[in-house]
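**Q** Got a predicted structure here, sequence first:
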Amino acid sequence: MIRFIPAAGLAWFVLASGCSLGEEVKPDRKIEPPVMEAAIAPKPEEPRIEVAQRPVFDPERPAPCDSHTACYLQAKDAHATGERAGYLLALEKCEYYRGRYQLEKFYGLCLLILADTYRHLNNYEESQGCYQRFIEAQPDEDLALQAREGIEEVRAGAKGPALYRDYLKAVSLLKQFNRVPSEDLLKQAEEILSRLCAEHPDWILDKQVKFLLKQIEGMLEATDEESREG
């Protein structure tokens, strides 16, 4: 099966491999601000940006899933849809998990889901914070390097949020392709990225754009070859 492999810094792609649970559960008593849609005031030429805020952890609230394992697995599946509704559901599940538990490596995977989810929901500060928390909690993990790259990418993308949203839309289309392979999804992503490359050749994330375009080119060629063989 042809699969999209994201550019450096997109640590979420490894989540599908899973990770063993840590053994110690520690309560997190930190209360977070409420989940809501906030608006960043746009420049005259830019549309409004809806930002998903971090939710309040309410210890009295009924759990949204049967166990911390179920929360993680449901969040992972929702996040992998590449759709806004999926990102919001992943946010709900992993933030509940984050408020209720501190579970070593397993908790770290939820942090990576949150880091990627928040950037897709335009909350770049929270995204960087989740990457940083992952690095601090597990500095020796192989994923720590990718988390650092993730911070740098989000920081760079935040300097041009309109362009970054287009870029992330293409990334979401490629996530959807991983679930349901479709040449149309590849071509939609290619169109967005090609436009970014042509109209903004000096954009700070141009290297990532070209990397994804090269991957899409290879996947389209492989898709054509499979069609001929079929």
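**A** Arrived safely.
**Q** Quick one: mean pLDDT over the longest helix along the chain.
**A** Assignment by DSSP state H gives helix 206-229 as the longest helix of the chain. The pLDDT scores in helix 206-229 average 86.
**Q** got the buried residues for that helix?
**A** 208-209, 211-213, 215-216, 219, 223 (16 or more other Cβ atoms under 10 Å). Quick note: C-beta positions are derived from backbone N, CA and C, even for glycine.
**Q** now swap in stretch 60-75 and tell me
**A** Result for stretch 60-75 [16+ other Cβ under 10 Å]: buried residues 65, 68, 71-72, 74-75.
**Q** what is the mean pLDDT for that stretch?
**A** Mean predicted confidence for stretch 60-75 is 85.
**Q** export it as CSV, just CAs?
**A** Extracted in CSV, the C-alpha atoms of stretch 60-75 (Å, rounded to 0.1, in the frame of the first residue of the first chain):
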residue,chain,number,x,y,z
GLU,A,60,-15.9,15.8,38.4
ARG,A,61,-16.7,15.4,34.7
PRO,A,62,-17.5,11.9,33.6
ALA,A,63,-14.7,10.3,31.7
PRO,A,64,-15.1,10.6,27.9
CYS,A,65,-13.7,7.0,27.5
ASP,A,66,-13.5,3.8,29.5
SER,A,67,-9.8,4.0,30.4
HIS,A,68,-6.7,6.0,29.7
THR,A,69,-5.8,3.4,27.0
ALA,A,70,-9.2,3.9,25.3
CYS,A,71,-8.7,7.7,25.5
TYR,A,72,-5.4,7.4,23.7
LEU,A,73,-6.5,4.9,21.1
GLN,A,74,-9.7,7.0,20.3
ALA,A,75,-7.6,10.1,20.1
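**Q** Out of the helices and strands in this protein, which is least certain?
**A** Of all helical and strand segments in the chain, the minimum by mean pLDDT, DSSP states H and E falls on strand 37-40, at a mean of 43.
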